[in-house]
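1. Here you go, sequence then predicted model.
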Amino acid sequence: MKLYNTLTRNIEDVQPHNPPEVTVYTCGPTVYDYLHVGNWFTYIREDILIRTLKATGYNPKWVMNITDVGHLVSDADEGEDKLEKGARREGKTAWDVAAFYTEYFTQSLQRLNITQPDYLPKATDHIAEQITLIQKLETKGYTYATSDGIYYDTSRFPSYADFARLDLDEQEAGKRVQFSAEKRNLSDFALWKFSPKDHQRDMEWDSPWGKGFPGWHVECSAMAMKYLGETLDIHAGGIDHLPVHHTNEIAQSEAATGKQFARYWMHNNHITIDGEKISKSLKNGITLEEIIEHGISLEAFRLHVLESHYRSQSKFSWQSLEAAQSRLKNWYAMAALRWQTIAHADDTAPFVIADVGGQLKDTLADDLNTPEALALLSRVFTQVDAVLLPREHLAKFEAMLRDVDSMLGLKLSEQPDIASSQKALIAKREASRTHKDWAEADELREQLVAQGIGLRDTPHGAIWYRL
Ligand code: AMP
Ligand code: ZN
């Protein structure tokens, strides 16, 4: 399988360290608020990575963390902890806020048909591991203390700027002096923050440096290495994490172990709306609930996500979401043909469903090319639409739907049959048509439409589909 590796800026063949296992770490949500569609784009694309690894014969071991402490409002270690902020907003404790949105997140994973990660570790359950990692860095001389915490000295890690190709001199020249005058370098980041003196935090722990809480970056390194070992095969996340969060993860992990932290880095590009990045701070974040209120199914949202490549900057719009919904409805109509096969009079008609699964796998294995995968499916369904489903192809057709679902999660193979009473109405209408009783045929069609069933008359009789 081929993947664009941010580390080398090349598309590379993924060669896991210990095949068929592939260790995968993806940065998870900060659980202080509802997630927005931009977040879900990233998680659905990571789900496609996992599904493709499975389809190509690998056995992914997937960890996604839950950030429930330490992610400050600014990625540059400034401002309030997002969890404490959420607690003030909702008049609850940070613990209650974290529990509520963690539950919301895991339920939404299911609603979106995202593969369940093998581990969903919480930062607050891994304080000891984070302290141990910071101590290792301290012993090796990578840390220093300021009045508000223990910091990582990025100048001690010479390749710090390489991963994101940062220009540190330029950053330094443009730095805003009012922040962290005690930091040695602008890019230095907090490993441990001390609890404030003027008020009590909901979440704080004792440590060798005093009461406080871990920085956001250190949790990912500590949990990734705990569950997956010191060198991961694939690390993924949003592209916004490249210059700070992932750069810091590499600096602290590699300084602690002396080993490469991750061999392949996958970055999902941003989703924009009206030309701006979707983000909580810009308050343009649409939630899954708003999508449902709009009459769009979560399966249609998933299809919309797959319509663009993970490395392209895609735009979110209600129009494209509605178009995705009607595209998916057409595909569901085709999938429903499995309940209404025909005895094919003309078996010379081309019918190409053999090895759609194989072609789909190859397309996804080429740097997760989901737009091309969907184009392939469109071509297949256009052919099916033209010749319907000959009875002898049923088993192959069902196998194809299952293959497609295993890779794309669109629930094509789950489309249910209609009730026998509805089938009886369809048969009655066929009889009316045979007797040229058009008025009755029309009336029966309307009855079916009222039940959400559409009809299309074909040379092989009427076929139904869900409206
Ligand atoms: P956060 O909770 O802000 O750390 O974001 C969770 C995940 O969603 C991260 O991997 C982000 O990179 C990703 N993310 C946030 N905003 C967007 C966006 N507009 N488009 C795509 N991914 C995003
Ligand atoms: Zn992370």
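-> Noted; the coordinates are in hand. Ligands and ions are numbered 1, 2, ... in the order given.
2. Residues contacting the one helix or strand S421 maps to, please?
-> Using DSSP states H and E, S421 sits within helix 420-434. Contacting residues not belonging to helix 420-434 are listed as 438, 440-441, 444-445, 447-448, 451, 453, 455, 457, 461-462, 464 [CB atoms under 8 Å, 6 or more residues apart in numbering]. In short, each C-beta sits where N, CA and C put it, glycine included.
3. If you count neighbours, what's buried in the helix or strand in which L360 is found?
-> L360 is part of helix 356-364 when elements are defined by DSSP H and E. Neighbour-count burial for helix 356-364 flags V356, G357, Q359, L360, K361, D362, T363, L364 (criterion: 16 or more other CB atoms under 10 Å).
4. Give me the average confidence score over that helix.
-> In this model, helix 356-364 has a mean pLDDT of 97.
5. With stretch 401-414 instead?
-> 98.
6. could I get that stretch in CSV with only the CA atoms?
-> Extracted C-alpha coordinates of stretch 401-414, given in CSV (Å, rounded to 0.1, in the frame of the first residue of the first chain):
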residue,chain,number,x,y,z
LEU,A,401,-21.5,-4.9,-1.9
ARG,A,402,-19.9,-6.5,1.1
ASP,A,403,-16.4,-5.8,-0.2
VAL,A,404,-17.3,-2.2,-0.9
ASP,A,405,-18.8,-1.8,2.6
SER,A,406,-15.7,-3.3,4.2
MET,A,407,-13.6,-0.6,2.5
LEU,A,408,-15.8,2.4,2.4
GLY,A,409,-18.4,1.8,5.2
LEU,A,410,-21.4,3.0,3.2
LYS,A,411,-23.8,0.3,4.3
LEU,A,412,-24.8,-0.7,0.8
SER,A,413,-25.1,-4.3,1.7
GLU,A,414,-27.4,-3.4,4.6
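7. Packing partners of the helix holding L360?
-> helix 37-55, helix 370-387, helix 394-408 (3 or more CB pairs under 8 Å, 6 or more residues apart in numbering; DSSP states H and E).
8. switch the cut-off to 6 Å
-> helix 370-387, helix 394-408 (3 or more CB pairs under 6 Å, 6 or more residues apart in numbering; DSSP states H and E).
9. and the ones you listed as JSON lines, adding mean neighbour count and distance to I292?
-> Output for the helices and strands packed on helix 356-364, formatted as JSON lines (neighbours: other CB atoms under 10 Å; distance: least, CB to CB, whole Å):
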{"stretch": "helix 370-387", "mean neighbour count": "17", "distance to I292": "22"}
{"stretch": "helix 394-408", "mean neighbour count": "18", "distance to I292": "21"}
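10. So which of the ones you listed is nearest ligand 1?
-> Of all those, helix 370-387 sits nearest to ligand 1, with 14.8 Å by CB to the nearest ligand atom.
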